[in-house]
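Undergrad: give me a model of this one.
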Amino acid sequence: MPKFAVEYTYGAAKAALRDEHRPVHRQWLQTSYEAGDILLVGPYSDGSGAVLIVAADDERAAAQLMAQDPFASVGAIDAVRITEWKQVFGPFGD
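TA: Presented below is the predicted three-dimensional model:
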């Protein structure tokens, strides 16, 4: 299955909104990880965003998955970039 790198950009103005919704966002991430849809996720240490690697049939399906993130539904993400990603080495198989 194709993999996609998803980059979230966070603005400082929405930090309180993210803090408020982080528990449900993290639960969604865990559920999606356990389902095999999200392969890895983590925020930038400076708080400016996050990177996720997701498995999806195509870019449209990856975007639909990201639209389910509670952060997306409350407008806590300033920008989302989705790019097909090809692994050369690593734990995610072919």
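
Undergrad: what mean pLDDT does the longest helix seen in the chain get?
TA: With DSSP state H setting the assignment, residue counts place helix 15-34 as the longest helix in the chain. With pLDDT averaged residue by residue, helix 15-34 scores 97.

Undergrad: which strands or helices does it pack on?
TA: Helix 15-34 makes packing contacts with strand 38-43, helix 70-73 when contacts are defined by 3 or more CB pairs under 8 Å, 6 or more residues apart in numbering; DSSP states H and E. Heads up, the C-betas are built off the backbone N, CA and C, glycines and all.

Undergrad: give me the buried positions along the last one.
TA: The neighbour-count check on helix 70-73 (16 or more other CB atoms under 10 Å) flags Pro70, Phe71, Ala72 as buried.

Undergrad: just the pLDDT for Asp94.
TA: Asp94 is assigned a pLDDT of 62 by the prediction.

Undergrad: burial count for Met66?
TA: Residues near Met66, counting by other CB atoms under 10 Å, number 21.

Undergrad: check the one 3 residues further on too.
TA: Asp69 has 22 neighbouring residues, counting by other CB under 10 Å.

Undergrad: excluding residues flanking it in the chain, which one is nearest it?
TA: Counting by CB to CB, 6 or more residues apart in numbering, Trp28 is the residue found nearest to Asp69 once chain neighbours are left out, at 5.9 Å.

Undergrad: repeat that for Pro2.
TA: Once its chain neighbours are removed from consideration, Pro2 has its nearest residue in Glu84; the separation is 5.9 Å (CB to CB, 6+ apart).

Undergrad: before we move on, back to that, what's the residue nearest to Asp69 in contact with, if anything?
TA: Contact criterion CB atoms under 8 Å, 6 or more residues apart in numbering gives Gln68, Asp69, Pro70 as the residues in contact with Trp28.

Undergrad: where does pLDDT dip in this protein?
TA: Along the chain, the model assigns pLDDT under 70 to residues 93-94.

Undergrad: quickly note the distance from Glu38 to Glu20.
TA: Careful, residue 38 is Ile; it's not Glu. Here the criterion is CB to CB, to the nearest Å. By it, Ile38 lies 22 Å from Glu20.
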